[in-house]
Each structure stands twice: as structure tokens, then as C-alpha cells.
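1. have a look; sequence and predicted model below, questions after that.
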Amino acid sequence: MSQQTRKRVPMKTAIQKQTEKALLDQTQVKLLIKQQSEGLGVMSPAKRRRLWSLVSVACVACCVIALSTYQLLPTYHSEPMIAQSVQDIADEVILNHLKRKPLEVHSNQMNQAQKFFTLLDFLPIQSEVLTQQFLLSERQMLGGRYCSIKGVSAVQLRYQTNGDQVSTFYEVDYDPSIFGPIPNIDQGEVPQEIYRRGLRVSLWVEKGLFMVLVSSK
């Protein structure tokens, strides 16, 4: 049969056939056990060479089996799993970010924004992570509006970044039973990040408030 018409054998089948060739049959196994019991020292050179040949074949077979098994195992990424609650939050805040509804208060001073948001159970604060890690200061703030995350009343603040880029920042009273486990920077943890629709969503807890930043970086 020519090389062009020869059938291709699946890799898994080829490995199995090659392994079967390398495995010892029952007679060879009995011979190996018998020769081991007799002791290597009393063997003739020919028998000793045959024994080591059988041992080498057995070692090769074990290696082939181990390698083929490893190659056939599914590949898993080392990236940490993202909780479904975090994915849902990311999708929600991104949707609000893209809608870009009109601001209800226009100010680049947090103390002025705090005076507007009086219908909340918490007081919005200037986040240290926002200013130190993401380099967003009060002077870049355009203003804010009321919103919600997972049905809980929240603050949405809008920041002007480079050129016409806009970042949306959210603050809400943190309830782990609603939002799930979120990294707490007051305990030395770092913000969690998730990417959706070409946007970066950063999530963390700071001073008892759950904070989320949607940015294009």
C-alpha cells in the first residue's frame, strides 16, 4: 500500500498498540521472577543480558503509559475561578456604565456630593484605593447619581480620565450575604479584577463599603 493511501491511525490507538507491544507476556513475567529468585550472581552472561533487556522493556512500557495518560488528561488553567456573584455584579455595573444616564449632581468635590446623597444608609467616602492605585482624584470627578447593585441602593460617581475616557465608580454598603466574598483592602487584600466587553471591573471592600470601578484600562 502506498504512503498516500495508508490509513491514519488515531494517536490514542497508536499509543495503545505500541504499549501492548512493549508489555511483557505471561511467560516473560514468569521467567523474570524465576531469574530474580535464582540471583543475578549465578546467571550466565547471556541470561543476565536477557534479564536486563526485559527490565528495560518494562521500564519503557511504564514510561509510555504514564506519558500517554498525561497527554490525554484535560488541560486546566491556573487562573482562579471567578464566583458567579462577581460575574453578575460585573455585568450589571458595566451595563450601567455603558448607559451613562444623566448625572443628578455635578461636582468635583466629595463633600458636596455627600450633601446630595442623603437617602442612603451610608456616607459616600473618597476611596484611598481609587486615588492611590487607580490615580483618580476629586478634580477628575464629574458628579454622580443614585443607582443600585443587586437591588441595593448605591452611589454612582463618574470620573473623566484621559481624553474622552470615562470611568464609573460605585459605592454601596457591603453585605456579604448579598454580594458574596469580596477582597477587603483593610485586611491587606488586593482588589479583584474581571474583564468584560473590553472593560476592566475592579472590586474591593474599603472601610465597610463595597466599591466597584469600571474603566477602559
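-> Nice, thanks for sending it over. Numbers count the residues shown, from 1 in each chain.
2. beta-bridge partners for the residue nearest to Phe122 when sequence neighbours are not counted, please?
-> Spatial nearest neighbour of Phe122, excluding adjacent residues (C-beta to C-beta, 6 or more residues apart in numbering): Asp173 at 4.6 Å. Bear in mind the C-beta positions are built from the backbone N, C-alpha and C, glycine included. Applying DSSP bridges to Asp173 gives these bridge partners: Leu209.
3. ok, now which ones touch Asp173?
-> Contacts for Asp173 (C-beta atoms under 8 Å, 6 or more residues apart in numbering) come out as 120-122, 152, 208-210.
4. quick check: of those residues, which lies closest to Arg196?
-> Phe210 (17.9 Å; C-beta to C-beta).
5. kindly state the pLDDT recorded for the closest one?
-> Here, the pLDDT recorded for Phe210 equals 98.
6. try Gly163
-> Gly163 is given a pLDDT of 74.
7. what of Leu136?
-> 93.
8. that's a helix at it, yeah?
-> No: in this structure, Leu136 is coil, not part of a helix, as judged by DSSP: H, G, I helix; E, B strand; the rest coil.
9. show me where pLDDT drops low in this protein?
-> 1-81, 217 (pLDDT under 70).
10. can you rerun that using 80?
-> 1-82, 162-163, 217 (pLDDT under 80).
11. okay, domains of it per the record?
-> Domains of the chain are assigned by automatic domain parsing as 11-72, 84-215.
12. what ranges do the strands span in the chain?
-> Ranges of strands in the chain, per DSSP state E, are 105-106, 141-149, 152-160, 166-173, 192-196, 199-206, 209-215.
13. report how many residues lie close to Glu92.
-> For Glu92, the count of nearby residues is 18 (other C-beta atoms under 10 Å).
14. for the spatially closest residue to it that is not a sequence neighbour, what are its contacts?
-> Distance criterion C-beta to C-beta, 6+ apart; nearest residue to Glu92, sequence neighbours excluded, is Ile149 at 6.2 Å. Taking C-beta under 8 Å, 6+ apart as the contact definition, Ile149 lies against 89, 92-93, 170, 172, 179, 210, 212.
15. identify the farthest-apart pair in those.
-> Checking the contacts of Ile149 with C-beta to C-beta, the most distant pair is Glu92 and Phe210, at 12.6 Å.
16. circling back: please convert the strands of the chain to a markdown table, extending it with distance to Ser127.
-> Shown next, in a markdown table, are those (distance: least, C-beta to C-beta, whole Å):
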| stretch | distance to Ser127 |
| --- | --- |
| strand 105-106 | 18 |
| strand 141-149 | 11 |
| strand 152-160 | 10 |
| strand 166-173 | 8 |
| strand 192-196 | 15 |
| strand 199-206 | 6 |
| strand 209-215 | 6 |
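17. out of the ones you listed, nearest to Gln84?
-> Once the strands of the chain are compared by C-beta to C-beta, strand 192-196 is nearest, at 11.5 Å.
18. return the set of buried residues in that closest one.
-> Neighbour-count burial for strand 192-196 flags 192, 194 (criterion: 16 or more other C-beta atoms under 10 Å).
19. what packs against that strand?
-> Here strand 192-196 touches helix 84-99, strand 199-206, going by 3 or more C-beta pairs under 8 Å, 6 or more residues apart in numbering; DSSP states H and E.
20. what's the angle between that strand and strand 199-206?
-> For strand 192-196 against strand 199-206, the angle by axes from the mean of the first three to the mean of the last three C-alpha atoms, to 10 degrees is 160 degrees.
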